[in-house]
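**Student:** Sharing a model that was predicted from the sequence below.
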Amino acid sequence: MGRDDFRDPIRVRKALDAISELGIELSVMHVCGTHQDTLVRFGLEPLLKEVGVSVRQGPGCPVCVTTPEEVELAIVLARKGAIICTFGDMVKVPGRDSTLAGERSRGSDVRIVYSPSDSVAIAMENPDKEVVFLGIGFETTAPTTSALLLKEDLPTNLSILSYHRTVPEALSFIASSGEVRLDGLIEPGHVSMIIGEEPYRFLTDEYGIPQVIAGFEPLDLVMACFEIARMKAEGRTELVNHYSRAVRRDGNPSALAAMRKTFVKGDRRWRGFPVIEGSALDIAPEFSERDALRRFEEQLEPLEGVTFPEPEGCSCGEVLRGIVDPRECPLFGTACTPDDPVGPCMVSREGSCNILHRWGAPDL
Amino acid sequence: MIVPSAMCLAIPGRVVEILDGRRAMVDYGGTRREADLTFVEAVVGQYVLVHAGFAMQVLEESDALETLALWDEALSSFSGSDDGGDA
């Protein structure tokens, strides 16, 4: 429905010319692998640069921000015989010195699922084994784990390791740290279709950052940059929803209600970041019998408080904080490629490094 | 099979049949797959955004057209633009 209009090259050119006419240099952050994919795949990144807009991804990649310690917990459970169910890219991210894919090649049972619900059938087919669903993702994905927790008659051998994280808290950290120039934020459309507009408002009200909630087509992204440039030119600071075709002001109330029932907010470290307050969706006490962290407390205890160093020379942490461009990393495209990745930003199809390498981005 | 490459990507598809148990058959330009309707009310003919097997929002075509019209208007005041497009 109307997708071609949002890819219309004439409109994209007009928007770029309008940004150029406004003549304002901008440094903008977005937090979404799909936004990055559109920016790079359609060659928008250099075009925006030509008109003075530099756009960086920030921590918008759930697989990338998952810490090696979290991956290691899943690896330990896999080694102890549990069946681990998770989404695609997660199996390739290293924990201490291995990945879930590596464990699978050594005989562990690691399954890639399309939906959390798929893990129910796997648990029923394997009644003599523990099945652990590794839940990762932002607010777009978290309600699907909520739906799993709320299912009646879940098999007793199924539990969940919740690594779900929330976007506004990470943005709050970035805004308050002041370590990157932030003339505007492009907010992720599909996270926003769940949480709505209001959770971002404090970033405009308290930090004076213009924000645009944007869809995923080329015109969506260029218009988001135009909107930020126009706000700057007119001296306005607002939160604007450009993706009203999918994002309602109050988001998806039914999904939010399911999340409130099943999760409580917790504090968690993100890769490249310290602990971010309130950024974790931990399983609520009412569902603690489904919480793999509790069910396997004894097995996981030795890992408590242990941290693992980042791979040597890897700039993922700085990339995720928006401090460096992947092309500034000495390993990019040489020692680190999608076929032989060093860090998770090159592993995940949502990671900036992977996206830039995959589509063959021009030099900086 | 529709497997989103990105974790926060929802795929738009058209509801072609409402099934029992809050499920629907959704058509993605020829490929059909069931989606869970736990979080949205949708009827046959509507477009929904589906993520990890769950319909997460109904897409509103009228909002899409309104957005394009607003953008065309905003861009029409810049000299590089002509009549503001054909939306």
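**Tutor:** Perfect, thanks for sending it. Please read all numbers here as calculations on a predicted model, not as lab measurements.

**Student:** Give me the domain ranges for chain A.
**Tutor:** A:63-166+A:251-303, A:316-359 (automatic domain parsing).

**Student:** so which of these gets nearest chain B?
**Tutor:** domain A:63-166+A:251-303 (3.2 Å; CB to the nearest CB). Yep, even glycine has a C-beta here, placed from its N, CA and C like the rest.

**Student:** In a markdown table: the domains of chain A, plus mean pLDDT, mean neighbour count and distance to A:Tyr207.
**Tutor:** As requested, the domains of chain A are exported to a markdown table (pLDDT from 0 to 100; neighbours: other CB atoms under 10 Å in any protein chain shown; distance: least, CB to CB, whole Å):
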| stretch | mean pLDDT | mean neighbour count | distance to A:Tyr207 |
| --- | --- | --- | --- |
| domain A:63-166+A:251-303 | 96 | 19 | 16 |
| domain A:316-359 | 95 | 22 | 15 |
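
**Student:** hmm, what's the outermost residue in chain B?
**Tutor:** Ranking residues of chain B by C-alpha distance from their mean position (CA atoms, centre = their mean) puts B:Ser79 at the top, at 33.0 Å.

**Student:** Hmm, A:Ser20 and it touching each other?
**Tutor:** No: counting by CB atoms under 8 Å, B:Ser79 does not reach A:Ser20; the two are 10.6 Å apart.

**Student:** Rebuild the domains of chain A as JSON lines, extending it with distance to chain B.
**Tutor:** JSON lines is the format used below for the domains of chain A (distance: least, CB to the nearest CB, whole Å):
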{"stretch": "domain A:63-166+A:251-303", "distance to chain B": "3"}
{"stretch": "domain A:316-359", "distance to chain B": "5"}
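
**Student:** A:Ser27 pairs with what?
**Tutor:** Taking DSSP bridges, one obtains A:Ser54 as the residues bridged to A:Ser27.

**Student:** list the contacts for it?
**Tutor:** A:Ser27 makes contacts with A:54, A:56, A:180-183, as judged by CB atoms under 8 Å, 6 or more residues apart in numbering or on different chains.

**Student:** Kindly recompute the last result at 7 Å.
**Tutor:** A:Ser27 sits next to A:54, A:181-183 when contact means CB atoms under 7 Å, 6 or more residues apart in numbering or on different chains.

**Student:** Likewise for A:Glu197?
**Tutor:** So A:Glu197 contacts A:213, A:239, A:241, A:249 (CB under 7 Å, 6+ apart).

**Student:** what's the helix or strand for A:Glu318?
**Tutor:** When elements are assigned from DSSP states H and E, A:Glu318 belongs to helix A:316-320.

**Student:** what's that helix in contact with?
**Tutor:** Contacts with helix A:316-320, where a contact means CB under 7 Å, 6+ apart, come from A:58-59, A:64-65, A:271-272, A:310, A:324, A:326, A:343-345, A:352-353.

**Student:** Go again with 6 Å.
**Tutor:** For helix A:316-320, the external contacting residues (CB atoms under 6 Å, 6 or more residues apart in numbering or on different chains) are A:59, A:64, A:272, A:324, A:326, A:343-345, A:352.

**Student:** average pLDDT for the longest strand along chain B?
**Tutor:** When chain B is parsed with DSSP state E, its longest strand is strand B:11-19. Strand B:11-19 shows a mean pLDDT of 95.

**Student:** That one near chain A at all?
**Tutor:** No: against chain A, strand B:11-19 shows no contacts by CB under 6 Å from any CB of the partner chain, the least distance being 7.5 Å.

**Student:** can you give me how far that strand is from the chain middle?
**Tutor:** 10 Å (CA atoms, centre = their mean, to the nearest Å).

**Student:** ok, for the residue lying farthest from the centre of chain A, nearest residue in space, not its chain neighbours?
**Tutor:** Of all residues in chain A, A:Asp128 has its C-alpha farthest from the mean position, at 34.0 Å, by CA atoms, centre = their mean. In space, and not counting its chain neighbours, A:Asp128 is closest to A:Asn157: 7.9 Å by CB to CB, 6 or more residues apart in numbering or on different chains.

**Student:** doesn't A:Val132 make contact with the one you found?
**Tutor:** No: in this structure, A:Asn157 is not within contact of A:Val132 by CB atoms under 6 Å, at 9.5 Å.

**Student:** Tell me how many other residues crowd A:Ser172.
**Tutor:** Neighbourhood size, A:Ser172 [other CB atoms under 10 Å in any protein chain shown]: 20.

**Student:** what's next to the one helix or strand it maps to, contact-wise?
**Tutor:** Using DSSP H and E, A:Ser172 sits within helix A:167-177. By CB under 6 Å, 6+ apart, the list of residues contacting helix A:167-177 from outside reads A:31, A:59, A:138, A:191, A:199-200, A:203, A:207, A:276, A:278-279.

**Student:** on that earlier part again, now for the domains of chain A, which one comes closest to A:Leu48?
**Tutor:** Proximity to A:Leu48, assessed across those by CB to CB, is greatest for domain A:316-359 (13.4 Å).
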